[in-house]
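pasting a predicted model and its sequence here:
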Amino acid sequence: MIEVNNIQKKYGKKQILNGLSFTAKKGEITCLIGVNGVGKTTIMKAIMALTPIDSGEILIDGQKIRHDSFEKITFIPDTTTMLPTMKICDAFEFMADFYKSWNSQRAEDLLRFFKLESTNRIGNLSKGSLAKVNMILGLALDVEYVLMDEPFSGIDIFSREQIAEVFTSHLIEGRGVILTTHEISDVEHLIDRAVLIDDGKVIKQFSVEDIRENEGKSVVDVMREVYR
Amino acid sequence: MSVKFNNRDPVYVQVIRHFKEQIAKGYFEPGQEIPSRRELANQLKINPNTAQRAYKEMEEQGLIFTEGNMPSCITKDELVLKSVREELMMEAVDLFLVSIKSINVPLAEVLDLVQKKYDADNGEVEELT
């Protein structure tokens, strides 16, 4: 379980996260929802210790993040982390050098699934292909938790379907996933839990099936209620 | 297999309904093997936990059964299968009655219309959900 407890974060004078708390369980897909600029990416970076937090605590299976936690959790950002001069196969080699949990067989399988060529240069890839490469780099790690920042943004409909297919496959099953989106309709039927964020706080978190079952509401219905 | 899900009913309930419709239609035969939970999640693009929940519920309702490590199958129990068809029929009739009564239309008037429409649309009606 990933526990985010009462975290605060300022960029300069601007308070981005203001006492934000939520949990994400293993075996479930948790979706952070909020408008642009609300701090979703900052939360992910904070979980990965990529940005310091001013106060509060983040625990992964009860422990603070350490150097060896990165064999357990990974972050799929919506920007490229590899050098543009690298070929896809170079990026794979890079990952294999740095991570014990790198599963090269799975990387090859995913490459084929997404119909990409390992000799393509990162710098020459389209935005959609780049997102797919990022996804491969993250999902080919045998980790327990995967964080994904806007996996569907700026991606064409067919690629979205491919990514949705990944979400419903063994590649995700059993892992704990946290993803962010500002476009809920893409993931409405894929996620287990929704965490609604505004003003640096969690304003509501719920199981999407429970809210449909008990209140007959869609995620968007709930958003309309709380963002008014 | 693809299903258009609405966003307000629990997805697992919609999955069960889909199975019931397929059974009533005769698309699923008694004892027929059904996709695994993971295959179903993948086919319908739904969360695997949701597929799991739908199967668990259907097992409890006796719609499907699983023996040991074998794939799940549609029940062979004729009574259950018959009741699925009846249940869907009753639901449709109830829904129809509610809409008819809400606009105060006498039954005799509407039955004739139903007969005509049914004959005219026959064959196409099947796929409407």
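Yep, that arrived. Numbering: from 1, shown residues only, chains lettered A, B, ... in the order given.

okay, now whichever residue of chain A sits closest to chain B: neighbour count?
For chain A and chain B, the shortest gap (CB to the nearest CB) falls at A:S218, measuring 3.4 Å. No exception for glycine: its C-beta is placed from N, CA and C like everyone else's. Using other CB atoms under 10 Å in any protein chain shown, A:S218 has 19 other residues around it.

ditto for A:I65
A count of nearby residues for A:I65, using other CB under 10 Å, gives 17.

and the nearest residue to it once chain neighbours are set aside, how far is that from A:S129?
With sequence-adjacent residues excluded and distances taken as CB to CB, 6 or more residues apart in numbering or on different chains, A:I65 is closest to A:A49, at 4.8 Å. Computed as CB to CB, to the nearest Å, the A:A49 to A:S129 distance reads 29 Å.

those two: who's more crowded?
A:S129 (19 against 16).

is chain B within reach of the helix or strand where that one lies?
A:S129 belongs to helix A:127-139 when assigned by DSSP states H and E. No - judged by CB under 8 Å from any CB of the partner chain, helix A:127-139 stays clear of chain B, getting no closer than 15.2 Å.

other residues contacting whichever helix or strand comes after that helix?
Later in the chain than helix A:127-139, the nearest helix or strand by DSSP H and E is strand A:145-148. Residues outside strand A:145-148 that contact it (CB atoms under 8 Å, 6 or more residues apart in numbering or on different chains): A:2, A:24, A:26, A:44, A:47-48, A:60, A:72-76, A:135, A:138-139, A:172, A:175-180.

got a PyMOL select line for the buried ones in the residues you listed?
Remark: buried members of those, expressed as a PyMOL selection using 16 or more other CB atoms under 10 Å in any protein chain shown:
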select buried, chain A and resi 2+24+44+47+48+60+72+73+74+75+76+135+138+139+172+175+176+177+178+179+180
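
point out where chain B drops to low pLDDT.
Counting by pLDDT under 70, chain B contains low-confidence residues at B:1, B:122-129.

and it, which of its residues are near chain A?
B:5-13, B:38, B:41-42, B:44-50, B:53.

filter these to the buried ones?
Using 16+ other CB under 10 Å as the burial test, the residues of chain B next to chain A include B:5, B:7, B:10-13, B:41-42, B:44-50, B:53 as buried.

for chain A, state which of those is nearest.
Nearest to chain A among those, counting by CB to the nearest CB, is B:N7 at 3.4 Å.

backbone phi and psi for that closest one, please?
Here is the backbone geometry of B:N7 (degrees, to the nearest 10): phi -100, psi 0.

contacting residues around it?
If you count contacts by CB under 8 Å, 6+ apart, B:N7 has them with A:E188, A:R212, A:S218, A:V219, A:V220, A:D221.
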